[in-house]
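>>> need a 3D model of the following:
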Amino acid sequence: MTLNFILKKSSILGTRKLIAVVFCVFIAVSATSQVVNRPKSPIMGWASWNNFFVGISDTIIKGQANAMVSSGLATAGYKYINIDDGFFYGRYTDGTLRIDSVKFPNGMKPLVDYIHSKGLKAGFYSEAGANTCGSQYNNQTGGIGSGLYNHDQQDANLFFKTWGFDFLKVDYCGGLVQKLDERTRYTAIKAAIGSTGRTDINFNVCRWQFPGTWVTKVADSWRISQDISFDQYVKWDRVLYVIDCNTFLAAYSSQGHYNDMDMMEVGRGLTTVEDKSHFSMWCILSAPLVLGNDLTKLTQRTKDILTNTEVIAVDQDTTGVQGHLVSDNGAGLQVWAKNLNGKQSNERAVVLFNRSAVATPMSVKWKDLNLAGAATVRDLWLHTDLGSMDSMYTDTVPSHGVIMLKVVGSQTRLQDVFEAEYAWINNFNLTQNSVVVANQGKVITDATCSGRAKAGWLGNSADNYIEFRDIYANVAGNYNLTISYLCGENRNATFTVNGIDTLITNLNSGGWSTISTRTISVKLNTGYNTIRISNATGWLPDIDKIQLDFYKG
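Next comes the predicted model:
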């Protein structure tokens, strides 16, 4: 509706009605302009770095876009073509970013238009500091001064309003050297993106470690590890390293905001069994599925793995939860699970992951998935229904391999045990000027504890607390909460539940390797509840888990 149209109606509507219509149109337009169109699921696409490094060009990027479509990857959901460093050529005198005209003779706008013409989205790369990674480590002198530092809004306008890119990855090589504050820089960059008026930009923070809990409100995804590969072929231990970095980060993943495990290396040197494991773990952990291979040399074997729609559906589930460890025997046998189609649904994705050197029988029990009664089982790699099973599933898993299942229970069971390693630790990776602050809350592996891990270094300040979120109660009322903790001295803790504080004093298990328990009464509301444990003036004990008596007797 245009203003001219409204004015033509003024004689009919009258002045007051005209004002009302104009106001309503203004509100409607304003609301529309605020709609956020970023994907709720992890993005799927391809990035240039792992295969081409700085050796990219207009021809190479167009070739990858063509292959994305012709291979069927685009149909399977892969949409982003991300250009990842290697194209900077300093700045013009007015500060405008300059692009290497040898590699990209037509500039970026025609390339973005070409990518869009294929039904794909285009991704750009930059740096939070002054100098890019390529300028520091790959002899790309054009990257000196090409970072966003002191050019946030100028560059954001260029990337998104002039050139039309849809994604931005921001590295931290220059920022690290300059000892910039991560939260300050990335928040400023996010604000600059917002000021362009584009609401569909997917923003990735590339800090090579979990950046801190602040990032969950700033970025759509964030790197949680160093690079998965430093040469043309990935090694199996690097895949395991990245998985281990993400093991206890599920609390920080939510709908539209995900832990980024770096580009996938499927088809770049691993065995078929390892490639399937690699892909399965990225999907169960809700990671962005960004390919790091050469799409023009895609083998049928690699294509079959990357286009398995049943496995992809696990990654793309819009519930927004990340998988977690159900069990770990400490010798390489791990069971992972993830709720599908709702946090309280009866559907689970399960991965039996054998990291050991020999094929080994593995099992998953329905009670460990918070399911009761019989459940139907489907193998997502064999695309085969395995039938209904009473209480568990067992099979032999090959070395370095996985069995990936969809389990649908006949009944659900309220989760009553909450491991501290999967809780929200508010100051985890609190960083100042590129240095992680010492003595802040974090996960500590401990074979003594029920999940082989605990939360420690909690308390001693108001913001260094732990929260157990998404505690679901069918009925409002008072419940007994039992905390399992380790502590070699008397410590206090304040439990905050629905606005009610309960102070517990003299928590002392008798030693830092001894687990003890304490039980208190808490009042829960119907639906989701949050339980915070804090101590603003002293240290908390290490926490193993909490348990609620939803099943009394």
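>>> just give me the longest strand of the chain.
strand 511-524 (DSSP state E).
>>> alpha carbons only: can I get that one in PDB?
Extracted C-alpha coordinates of strand 511-524, given in PDB (Å, rounded to 0.1, in the frame of the first residue of the first chain):
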ATOM      1  CA  GLY A 511      37.500 -34.600  50.400                       C
ATOM      2  CA  TRP A 512      37.800 -33.400  46.800                       C
ATOM      3  CA  SER A 513      37.600 -37.000  45.500                       C
ATOM      4  CA  THR A 514      34.600 -37.900  47.700                       C
ATOM      5  CA  ILE A 515      31.000 -37.400  46.600                       C
ATOM      6  CA  SER A 516      28.300 -36.500  49.100                       C
ATOM      7  CA  THR A 517      24.700 -35.400  48.800                       C
ATOM      8  CA  ARG A 518      22.300 -32.900  50.300                       C
ATOM      9  CA  THR A 519      18.600 -32.700  49.800                       C
ATOM     10  CA  ILE A 520      16.400 -29.600  49.900                       C
ATOM     11  CA  SER A 521      12.800 -28.800  49.000                       C
ATOM     12  CA  VAL A 522      12.100 -26.600  45.900                       C
ATOM     13  CA  LYS A 523       8.900 -25.300  44.400                       C
ATOM     14  CA  LEU A 524       8.500 -25.900  40.700                       C
END
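>>> buried ones in that strand?
For strand 511-524, the buried set under the neighbour-count rule, 16 or more other C-beta atoms under 10 Å, comprises Ile515, Ser516, Arg518, Val522, Leu524. (C-beta placed from N, C-alpha, C; glycine too.)
>>> now stretch 108-116
So stretch 108-116, judged by 16+ other C-beta under 10 Å, has buried residues Met108, Leu111, Val112, Tyr114, Ile115.
>>> so what's the nearest residue to the first one once chain neighbours are set aside up against?
Once its chain neighbours are removed from consideration, Met108 has its nearest residue in Trp163; the separation is 4.6 Å (C-beta to C-beta, 6 or more residues apart in numbering). For Trp163, the contact set (C-beta atoms under 8 Å, 6 or more residues apart in numbering) comprises Met108, Lys109, Val112, Phe124.
>>> now, among those, which is nearest to Phe210?
Of all the contacts of Trp163, Phe124 has the smallest distance to Phe210: 23.5 Å, by C-beta to C-beta.
>>> with adjacent residues omitted, what lies nearest to that closest one?
With C-beta to C-beta, 6+ apart, the residue lying closest to Phe124 is Phe165, at 4.2 Å.
>>> quick one: low-confidence parts of the stretch 101-250 of the chain?
Applying pLDDT under 70 to the stretch 101-250 of the chain flags no residue at all.
>>> now do the strands in it.
According to DSSP state E, counting those that start in this stretch, the stretch 101-250 of the chain carries its strands in the segments 121-127, 167-171, 202-205, 221-223.
>>> among those, which comes closest to Cys283?
That would be strand 221-223 among the strands of the stretch 101-250 of the chain, by C-beta to C-beta, at 14.8 Å.
>>> ok, that closest one: who's next to it in the sheet?
strand 202-205 (parallel), strand 258-260 (parallel) (DSSP bridges).
>>> which strand or helix spans the residue nearest to Pro288 when sequence neighbours are not counted?
Spatial nearest neighbour of Pro288, excluding adjacent residues (C-beta to C-beta, 6+ apart): Pro42 at 4.4 Å. In the assignment (DSSP states H and E), Pro42 maps to no helix and no strand.
>>> now do the contacts for Pro42.
Contacts of Pro42 (C-beta under 8 Å, 6+ apart): Ser221, Tyr258, Ser286, Ala287, Pro288, Leu289, Asp315, Gln316.
>>> and which of the buried residues of stretch 108-116 is nearest to Gln136?
Closest to Gln136, out of all of these and judged by C-beta to C-beta, is Met108, at 22.6 Å.
>>> quick one on the thing from earlier: in JSON lines, list the buried residues of stretch 108-116 along with distance to Gly212.
As requested, the buried residues of stretch 108-116 are exported to JSON lines (distance: C-beta to C-beta, whole Å):
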{"residue": "Met108", "distance to Gly212": "32"}
{"residue": "Leu111", "distance to Gly212": "34"}
{"residue": "Val112", "distance to Gly212": "32"}
{"residue": "Tyr114", "distance to Gly212": "38"}
{"residue": "Ile115", "distance to Gly212": "33"}
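>>> can you give me how far stretch 287-307 is from the chain middle?
20 Å (C-alpha atoms, centre = their mean, to the nearest Å).
>>> equivalent analysis for stretch 279-286, please.
The answer for stretch 279-286 is 11 Å, by C-alpha atoms, centre = their mean.
>>> ok, stretch 364-381 next?
25 Å.
>>> could you list the buried residues of that stretch?
364, 366, 368-371, 374-375, 377-381.
>>> as a check, name the ranges of all helices in the chain.
Here the chain has its helices, by DSSP state H, at 3-8, 10-33, 49-52, 58-70, 73-76, 108-117, 133-137, 152-156, 173-178, 182-195, 236-246, 272-284, 300-306, 309-316.
>>> which non-adjacent residue is nearest Ile43?
Pro288 (4.9 Å).
>>> count of residues packed around the one you found?
A total of 26 residues lie near Pro288 under the criterion other C-beta atoms under 10 Å.
>>> backbone phi and psi for it, please?
When read as degrees, to the nearest 10, the backbone of Pro288 gives phi -60, psi 140.
>>> measure it to Arg223 for me?
Here Pro288 is placed at a distance of 10 Å from Arg223 (C-beta to C-beta, to the nearest Å).
>>> can you show me the strands along the stretch 301-450 of the chain?
Using DSSP E, counting those that start in this stretch, strands in the stretch 301-450 of the chain cover 324-328, 333-340, 347-354, 360-365, 371-379, 384-389, 392-397, 402-412, 417-419, 424-425, 431-432, 435-436, 442-445.
>>> as TSV, the ones you listed with distance to Asp181 and mean pLDDT would be great.
Listed next are the strands of the stretch 301-450 of the chain as TSV, based on distance: least, C-beta to C-beta, whole Å; pLDDT from 0 to 100:
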stretch	distance to Asp181	mean pLDDT
strand 324-328	31	97
strand 333-340	34	98
strand 347-354	37	98
strand 360-365	43	98
strand 371-379	45	98
strand 384-389	52	98
strand 392-397	45	98
strand 402-412	40	98
strand 417-419	32	98
strand 424-425	20	98
strand 431-432	6	88
strand 435-436	10	90
strand 442-445	20	97
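>>> so which of the ones you listed is nearest Ala76?
That would be strand 402-412 among the strands of the stretch 301-450 of the chain, by C-beta to C-beta, at 16.7 Å.
>>> who's in contact with the nearest residue to Val408 once chain neighbours are set aside?
Distance criterion C-beta to C-beta, 6+ apart; nearest residue to Val408, sequence neighbours excluded, is Thr376 at 4.9 Å. Residues in contact with Thr376, defined by C-beta under 8 Å, 6+ apart, are Asp385, Gly387, Ser388, Met389, Val407, Val408.
>>> is it true that the first one touches Leu405?
Yep, that's Asp385 we're talking about. No - between Asp385 and Leu405 there is no contact under C-beta atoms under 8 Å: 10.7 Å.
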